[in-house]
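*Asks:* any chance you could fold what I've pasted below:
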Amino acid sequence: MDVKTLTPFVEEVDTSYLEGLVGYNSRRAALVIIEVFLERMAKYDLRIVDFSVLSLVTHNPGITSRQLCNTLGILAPNLVGMVNAMEKRTLITRRPHPHDGRAMGLHPTPEGQKMMRDAEKTAAELEMEATSRLSAAERRTLMQLLKKIYK
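*Replies:* The predicted structure follows:
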């Protein structure tokens, strides 16, 4: 008997089961955006988590490390290195917290603010490109639905 006749050959891959999974679809969409995001953020030397941290610091001057960890789901030891690196790059500064003597508030420097403005503009442009097949209403609905999953 010929082995080739017994071995099934797939003409077209059936992805119907996977495409019925929220996780599969959200991950596939995220991968498309993340790939381009990483390419475009390379000029700022920002990874996804760095972008998120710097964005929160920029929009919330005085935010504490604890608040950052809680908001982004980051472990404190992992944040320490990021904050140190951003401080070394003069993107953020630490200042004593006005109400908690044990905490330090994180503040963007003028260089950090400028970089974040540019990086956020880049991110907004790439998201518009990545979702160009969606209407504005569909984009808003997608965002609302995704937030219902993680908030």
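
*Asks:* wait, what's in contact with Thr71?
*Replies:* Thr71 makes contacts with Leu56, as judged by C-beta atoms under 8 Å, 6 or more residues apart in numbering. Every residue, glycine included, has its C-beta placed from N, CA and C.

*Asks:* same thing with the one 5 residues further on?
*Replies:* Contacts here follow C-beta under 8 Å, 6+ apart; on that basis Ala76 touches Ser65, Arg66, Cys69.

*Asks:* try it again at 7 Å.
*Replies:* By C-beta atoms under 7 Å, 6 or more residues apart in numbering, the contact list for Ala76 reads Ser65, Cys69.

*Asks:* separation between Met86 and Glu138?
*Replies:* Using C-beta to C-beta, to the nearest Å, we find Met86 at a distance of 35 Å from Glu138.

*Asks:* looking at those two, which is more packed in?
*Replies:* Neighbours per residue (other C-beta atoms under 10 Å) separate Met86 from Glu138, with Met86 holding more: 21 against 11.

*Asks:* beta-bridge partners for Pro96, please?
*Replies:* Applying DSSP bridges to Pro96 yields these beta-bridge partners: Met104.

*Asks:* how many other residues sit next to Thr93?
*Replies:* The criterion is other C-beta under 10 Å. On that basis, Thr93 has 16 neighbouring residues.
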